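K.L.:
Sequence first, predicted model second:
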Amino acid sequence: MDLDSVYRAEYGRCVATLTRLLGDIGLAEEFVQDAFAVAVQKWDEEPPPNPGAWIVTTARNRAIDRLRRESTREARHAQALLLHQVDEPQEVGPVRDDQLRMIFTCCHPALSPLAQSALTLRLLGGLEVAEIARAYLVPEATVAQRIVRAKKKIRDAGIPYRVPAAAELPDRLTSALTVLYLVFNEGYTSTSGELLRTDLCLEAVRLARALAELMPDEPEVIGLLALLLLTEARRPARVGPSGELVVLAEQDRSLWNRELIAEGHELVRRCLRRAQPEPYQLQAAINAVHTDGPATDWAQVLALYDQLLQHTPTPIVALNRAVAVAEVHGPAPALAIIDELDLPGYHLLPATRAELLTRLGRTADALAAYDEAITLATNDTERTFLQTRRARLTPDS
């Protein structure tokens with residue numbers, strides 16, 4: 001395990017732990033980053049047996065040094081004592097998981113939804129600004145500004161870093177669900193490098209389980225957990241033996257995790273019994289159809305996308321629905337839908353368009369669409385997949 005993998009795996013936990021000690025995310029992040037800088041110098045080929053504890057201890061010692069330099073004697077003694085007494089912290093409030101606790105803490109209603117999610121994804125999900133920008137389909141500068149403004153507002157308004165009370169959790173739930181959803185998505189299709197970041201997928205599933213235990217009567221919590229489980233179940237078949245992307249229609253279903261599928265289906269049935277369909281529940285139901293039987297019932301998928309589009313009328317949902325339209329009614333009506341969508345910079349729009357144009361025999365247009373998609377794709381595995389598809393159309397590609 002190299003330092004980069006340690007950073008991705010431990011950064012959020014370390015920031016969460018130190019924030020709980022200091023009461024200030026900004027300072028916690030600063031000290032944790034300093035500790036990783038020290039690790040670069042002191043760790044040679046292998047990290048210590050417990051890298052997270054090493055980082056927290058180093059960061060905590062730096063915090064103590066800062067307090068000694070900048071505080072009065074009484075204040076620094078009190079703070080230093082506090083820092084030394086937190087090796088076995090008592091659980092406070094209804095949220096007992098450190099990561100989940102920090103997500104709810106960051107999702108303060110005084111911040112805008114984008115600021116809440118961006119700040120939490122950066123600090124706890126370990127996502128870079130570029131990865132967050134991709135998730136929201138906005139420029140990197142916009143995300144960076146939102147994170148800076150969020151930290152400034154927290155500092156200037158004196159927003160406390162504390163675990164919210166049980167009565168406050170529902171008001172922060174939507175943002176918390178968004179964070180888990182986006183962390184999983186980044187793990188399932190990473191912005192750059194290899195296609196999959198398994199650590200993010202597993203952490204999102206773990207936190208979704210913890211959230212479901214905390215709020216078992218919230219249908220969208222159950223819906224999100226079902227969605228993540230059913231998607232995670234297909235992950236083993238998503239990459240071929242040579243590291244190539246394998247699309248759903250070409251996956252070896254025998255590689256899917258049947259235990260996760262069974263659990264996900266049961267959760268979807270729980271949601272259906274409530275008869276209160278909302279976005280995550282509907283997405284989970286779509287994935288349940290994909291994982292039910294030897295082939296996908298596309299008519300049922302399309303019906304569910306029709307409902308989802310009513311709840312969430314976004315271009316992304318419309319694009320996904322167009323894929324179902326193509327399977328049920330053919331590529332021509334699906335292409336008409338796609339040509340009306342505006343998703344600048346989103347490589348899956350021209351990629352889907354290229355596939356439909358290929359099916360319609362419009363090779364020249366398909367080649368141009370593939371070229372656009374290849375240019376926009378940031379993940380190496382996806383780019384290679386698109387190049388391979390394009391090459392099938394002409395031997396001169």
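P.N.:
Looks like it came in fine.

K.L.:
Please pull out the lowest mean pLDDT helix or strand from the chain.
P.N.:
Among the helices and strands of the chain, helix 73-84 carries the lowest confidence by mean pLDDT, DSSP states H and E, at a mean of 51.

K.L.:
Can you pull out the low-pLDDT segments for the chain?
P.N.:
In the prediction, the chain carries residues with pLDDT under 70 at positions 1-9, 20-25, 44-46, 67-96, 124-126, 160-163, 395-397.

K.L.:
Point to the residue nearest the middle of it.
P.N.:
If you average the C-alpha coordinates of the chain and look for the closest C-alpha using CA atoms, centre = their mean, you land on Val183, 1.5 Å from that point.

K.L.:
element containing that one, please.
P.N.:
Take DSSP states H and E as the rule and Val183 turns out to sit in helix 169-188.

K.L.:
and after that helix, which helix or strand comes next?
P.N.:
Past helix 169-188, further along toward the C-terminus, the next helix or strand under DSSP H and E is helix 198-214.

K.L.:
Show me what that next one is packed against.
P.N.:
Taking 3 or more CB pairs under 8 Å, 6 or more residues apart in numbering; DSSP states H and E as contact, the helices and strands that helix 198-214 lies on are helix 3-22, helix 98-106, helix 169-188, helix 219-233. Just so you know, the C-beta spots here come from the backbone N, C-alpha and C atoms, and that holds for glycine as well.

K.L.:
hang on, the earlier thing: need the contact list for the residue nearest to the centre of the chain.
P.N.:
Taking CB atoms under 8 Å, 6 or more residues apart in numbering as the criterion, Val183 is in contact with Leu121, Gly125, Leu127, Leu200, Glu203, Ala204, Leu207.

K.L.:
Of all pairs in the residues you listed, which one is the farthest apart?
P.N.:
Leu127 and Leu207 (14.2 Å; CB to CB).

K.L.:
which one of the two has more residues nearby?
P.N.:
A side-by-side neighbour count of Leu127 and Leu207, using other CB atoms under 10 Å, places Leu127 first with 28 against 23.

K.L.:
was I right about that one contacting Glu186?
P.N.:
Yes - taking contact to mean CB atoms under 8 Å, the distance of 5.7 Å between Leu127 and Glu186 places them in contact.

K.L.:
any shared contact partners between those two?
P.N.:
Common neighbours of Leu127 and Glu186 (CB under 8 Å, 6+ apart) are Ala135.

K.L.:
chain center to the helix holding Val183: distance?
P.N.:
Its chain's average C-alpha position is 7 Å from that of helix 169-188, according to CA atoms, centre = their mean, to the nearest Å.

K.L.:
buried set for that helix?
P.N.:
Residues of helix 169-188 classed as buried by neighbour count (16 or more other CB atoms under 10 Å): 169, 172-173, 175-188.

K.L.:
And stretch 262-278, by the same measure?
P.N.:
When burial is assessed from 16+ other CB under 10 Å, stretch 262-278 yields the following buried residues: Glu263, Gly264, His265, Leu267, Val268, Cys271, Pro277, Glu278.

K.L.:
Quick check: the spatially closest residue to the fourth one that is not a sequence neighbour vs Gln310, distance?
P.N.:
The shortest distance from Leu267 to any residue that is not its chain neighbour, by CB to CB, 6 or more residues apart in numbering, is 3.7 Å, and that residue is Ala226. Relative to Gln310, Ala226 is positioned 20 Å away (criterion: CB to CB, to the nearest Å).

K.L.:
give the contact list for Arg234.
P.N.:
Leu248, Gln251, Trp256, His290, Thr291.

K.L.:
got the phi/psi numbers for the last one?
P.N.:
When quoted as degrees, to the nearest 10, the phi and psi of Thr291 stand at phi -100, psi 10.

K.L.:
give the contact list for it.
P.N.:
Leu230, Ala233, Arg234, Trp256, Ile261, Gly264, His265.

K.L.:
wait, doesn't the first one sit right on Ala262?
P.N.:
Same thing as Leu230. No - proximity of Leu230 to Ala262 does not meet the contact threshold set by CB under 8 Å, at 10.1 Å.

K.L.:
sorry, back to before: neighbour count: Ala226 and Gln310, which is higher?
P.N.:
In this comparison of Ala226 against Gln310, neighbours counted by other CB under 10 Å, the higher total goes to Ala226 at 29 against 11.

K.L.:
ok, the more buried one - contacts?
P.N.:
With contact taken as CB under 8 Å, 6+ apart, Ala226 is in contact with Gly264, His265, Leu267, Val268, Cys271, Tyr280, Gln281, Ala284, Asn287, Ala288.

K.L.:
Look up how far Thr291 lies from it.
P.N.:
Using CB to CB, we find Ala226 at a distance of 11 Å from Thr291.

K.L.:
same thing with Val32?
P.N.:
According to CB to CB, Val32 stands 39 Å off from Thr291.

K.L.:
on that earlier part again, Gly12: which of the contacts of Val183 is nearest?
P.N.:
Nearest to Gly12 among the contacts of Val183 is Gly125, at 6.3 Å by CB to CB.
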